[in-house]
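**Student:** Fold the following and give me the result.
(2 chains)
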Amino acid sequence: MKKVVFAALAVFLAMVSSTLSAQSTTLTVWDFKFGGKDAAALVLKDLDTLFEAAHPGVKINHVGQPGDTYYQLIQGAATANTGPDVAMFHPDGRMQQFASLLYTLDKDTADVKSQFVPSSLIATSSPAKAGGALKLLPFSMQGFGIYYNKDLFKKAGLDPSKAPKSEAEFLAACAKLKAAGVVPIVTGKDYTIDFFLRILVANIVGPGYESMITSDAVFATPEFKKAATFVKTLVDKGYIEKAGLTRPYFMDAIDSFAAGSGGMYIGLLSDVANWKRFSDTLGIAKVGYFPNVNLEGSKFKDQQSAQPAGIGWGIFSWTKQTKLALEYIKFVSTGTGAARSAAAAGTISPNMMIDTSKIPYPVLPTIIGYMKANFSEDFLQFGQANLENDMIRLDDQYFLTGQITVDQFVSELQKSFHSN
Amino acid sequence: MTKAKTLRRFSTEGWFFIAPLLLLLAVFILYPVVMNIYYGFTAWKGFGQEKWIGLGNYTKMVSDAKFWTSIGNTAILLLFIPISTLVTLGVAAMLREGLPGWTVFRSLLYVPNLLGVVVIGTAFNLILRDSGPINTFLMSAFGFSVPWLTSPVYSLLGTGLISIVWSPLGFGIIYFLAAMSSIEPSLYESAAIDGAGPWTIFRHITVPSIRFSVEFWVVMSFINVFARMFGFIYVFSRGGPGFSTFTLEYGIYELAFNKFDPSYSSAWSTVLFIFCAFISVAQIRLMKRNEA
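**Tutor:** Take a look at the predicted model:
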């Protein structure tokens, strides 16, 4: 009798233990989007629910960290050599800094790698070149472009079906908008000018970004100087809304343009400040897009400044749940995960299996067309983590305060590019 | 029990009682300081193995324009200390005279002390930005606006006035009023009989009588400028526009957490530590002089 009782007890304990251990499987995920209330955050919440439903007993502990201190928190985790199992990264210098702590994905993602645009896999590797070790599974492509409000264009006497892509057309459009009492370019602190310069650089270097990063005088060229002078003209003439240059780009300036406060906006392509955000508020037929201003003398035209991978998902090598983490990052970056993100948040996925033809936003095919035809890789993704900070400070000094001349601006930028 | 034994017993007990504090100091002050100095001589990413590079970070520092800019900005901010001291002393002296409604003023002036630096920095960033309420009012009423946050001069001026002069004003007034309360009233009565005016009384009686308190205030203000302004600058101006409010302390943060170069940042921190150590030594000397 005693033996039967002990056996029953053992079976019972085993069942309880098995149930408890199944319930306690938690995968901790960090990113800088989850904490928001926008579409990108809602999609991630949705994907977690789907993943948990497909993996009984698994709990996703998704932590939405603040964007402006995200990499400091990652650095803190790295110093302590413990932290989340999975984390979202920008695959530029910010990811490269922590690459040694990330699990190499090549072997375990062989089944899905072919779904991704090849350049996105290079961008998420360390080093970021063919043959580098894959550290992130790309989640989005990113880029910069110019959105315009068709209603306000009409109000200013402009043809809303025709984007002002040449230098003369752009200046004329700004002048007409201003004359009509419309803010020509709605702005936000730091990033409006930062993104605009990255856009204009695309028309200078075209698809050959390698020449830029290996050259000794990328910024100290007449073309770049012309681009910088052009932006300065826009600031001086009041076309770039000066009052907006002290307002946060994320999210105040975005909200302002989305509310119809001005004619044009230097925005992004994926997730935030993008075609979906603006179309959903201004009306899907009311948003126009063009990728660049074709300055006189630029070697290339209509170049789309973009990053093959805007953000991606990586797995820390300290995790004890590598298999589950792999399943998670594949789930969110492929199939249902990628499709939902594209449809709901406006993510432009590097996953070639995602069919965007059924997403009913007229501006989207325009953007994808430019990305396919005139893709010019954003130079900043090849810089180290502090290059953008330096660039923003130099932008302030030249465009905002006038402390330095255009020659000093390009020369300092050049120095920073190489020292970073 | 002999005197020597008693002393030894008290000494043992003394060490026993201060041991927790010494332990805390060793763990949270001494160890980080020593490690910071050590990492300043290495190349280290904040994780993994560090590599000894000797004076590499220091030679890089002396040729780094950002370092000298940060020293320059910190030096300019130090110039606000005399303003802060005079204003605080002056207001305290006026309140001491018992202005009508002075208790209300004292309460109002103490308000900044109830707010954290982050709250103050964020509030002033919102108030002073180009599209903020002050500029909106100025533009609509007078047709002009002031580039509080977009001009290097105004930005640094704003940082100094808000963070060094205005923000500690309330505490300073209470501090100086407490010090002034210890001045013998007969000194003021004699001065009044001799026909001394308020300025003369302030200069020749009030200030000399509380000299030690003023010196202590100045020393604390130096430490505040060197090592406690980061929180305000981070939310108020992020060291900008450009590098105009980029201080030594802000540079340490930026190097460690934006450039991910903690070892170079440690070298900057060591310089800051040396500055603060000098100030502390000066403070100790002042205290000893006053005791003597």
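**Student:** low-scoring pLDDT stretches of chain A, where are they?
**Tutor:** A:1-24, A:208-217, A:382-385, A:420 (pLDDT under 70).
**Student:** which residues in it form strands?
**Tutor:** Using DSSP state E, the strands found in chain A span residues A:25-31, A:58-64, A:86-89, A:125-126, A:133-134, A:137-149, A:183-186, A:262-268, A:287-290, A:304-315, A:375-377.
**Student:** repeat for chain B
**Tutor:** B:42-43, B:51-52.
**Student:** okay, these, which one's buried deepest?
**Tutor:** Of all the strands of chain B, strand B:42-43 carries the top mean neighbour count, a mean of 18, counting by mean count of other CB atoms under 10 Å in any protein chain shown. Where C-beta positions appear, they are placed from N, C-alpha and C, glycine not excepted.
**Student:** Counting by contacts, list what that strand packs against.
**Tutor:** Strand B:42-43 is packed against strand B:51-52, with contacts defined by 3 or more CB pairs under 8 Å, 6 or more residues apart in numbering or on different chains; DSSP states H and E.
**Student:** What lies in contact with the strand it packs on?
**Tutor:** B:Phe41, B:Thr42, B:Ala43, B:Trp44 (CB atoms under 8 Å, 6 or more residues apart in numbering or on different chains).
**Student:** Now the last one: closest residue in space that isn't a chain neighbour?
**Tutor:** For B:Trp44, the nearest residue in space outside its immediate sequence neighbours is B:Glu50; the separation is 3.7 Å by CB to CB, 6 or more residues apart in numbering or on different chains.
**Student:** Correct me if wrong: the one you found contacts B:Phe41.
**Tutor:** No - B:Glu50 is beyond contact range of B:Phe41, at 9.1 Å (criterion: CB atoms under 8 Å).
**Student:** tell me which parts of chain B are close to chain A?
**Tutor:** Contact residues (CB under 8 Å from any CB of the partner chain) of chain B with chain A: B:45-48, B:129-132, B:135, B:145, B:149-152, B:239-244, B:246, B:254, B:257-260.
**Student:** Of those residues, grab the buried ones for PyMOL.
**Tutor:** Applying 16 or more other CB atoms under 10 Å in any protein chain shown to those, the buried members can be selected in PyMOL as follows:
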select buried, chain B and resi 45+46+47+129+130+131+132+135+145+149+150+151+152+239+240+241+242+243+244+246+254+257+258+259+260
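**Student:** A:Glu167 and chain B, how far apart?
**Tutor:** 26 Å (CB to the nearest CB, to the nearest Å).
**Student:** swap in A:Pro164?
**Tutor:** 26 Å.
**Student:** Pull the contacting residues for the closest residue to B:Asn113 other than its chain neighbours.
**Tutor:** In this structure, B:Asn113 finds its nearest non-sequential neighbour in B:Gly170, 4.3 Å apart by CB to CB, 6+ apart. B:Gly170 makes contact with B:Leu109, B:Tyr110, B:Val111, B:Pro112, B:Asn113, according to CB under 8 Å, 6+ apart.
**Student:** Could you report the neighbour count for the fourth one?
**Tutor:** The local packing of B:Pro112 (other CB atoms under 10 Å in any protein chain shown) involves 17 other residues.
**Student:** same thing with the last one?
**Tutor:** Burial measure for B:Asn113: 15 neighbouring residues, criterion other CB under 10 Å.
**Student:** Confirm for me that it is in contact with B:Gly172.
**Tutor:** No - using CB under 8 Å, B:Asn113 makes no contact with B:Gly172, being 9.2 Å away.
**Student:** Next, the buried residues of the helix or strand of chain B with the lowest mean pLDDT.
**Tutor:** Lowest mean confidence among the helices and strands of chain B (mean pLDDT, DSSP states H and E): helix B:102-114, at a mean of 79. Residues of helix B:102-114 classed as buried: B:Arg106, B:Leu109, B:Pro112 (neighbour count, 16+ other CB under 10 Å).
**Student:** what helices or strands is that helix leaning on?
**Tutor:** helix B:80-96, helix B:169-180.
**Student:** could these be laid out in TSV, adding mean pLDDT and distance to B:Arg8?
**Tutor:** TSV is the format used below for those (pLDDT from 0 to 100; distance: least, CB to CB, whole Å):
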stretch	mean pLDDT	distance to B:Arg8
helix B:80-96	92	46
helix B:169-180	91	40
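**Student:** Adding distance to A:His62, write those out as TSV.
**Tutor:** Formatted as TSV, the helices and strands packed on helix B:102-114 follow (distance: least, CB to CB, whole Å):
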stretch	distance to A:His62
helix B:80-96	45
helix B:169-180	43
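**Student:** Let me see the contact set for A:Ala173.
**Tutor:** Counted by CB under 8 Å, 6+ apart, A:Ala173 has contacts A:Phe153, A:Ala156, A:Leu158, A:Pro164, A:Pro184, A:Gly263, A:Met264.
**Student:** Then A:Ser161?
**Tutor:** A:Gly288.
**Student:** any idea how far A:Thr366 is from it?
**Tutor:** According to CB to CB, to the nearest Å, A:Ser161 and A:Thr366 sit 12 Å apart.
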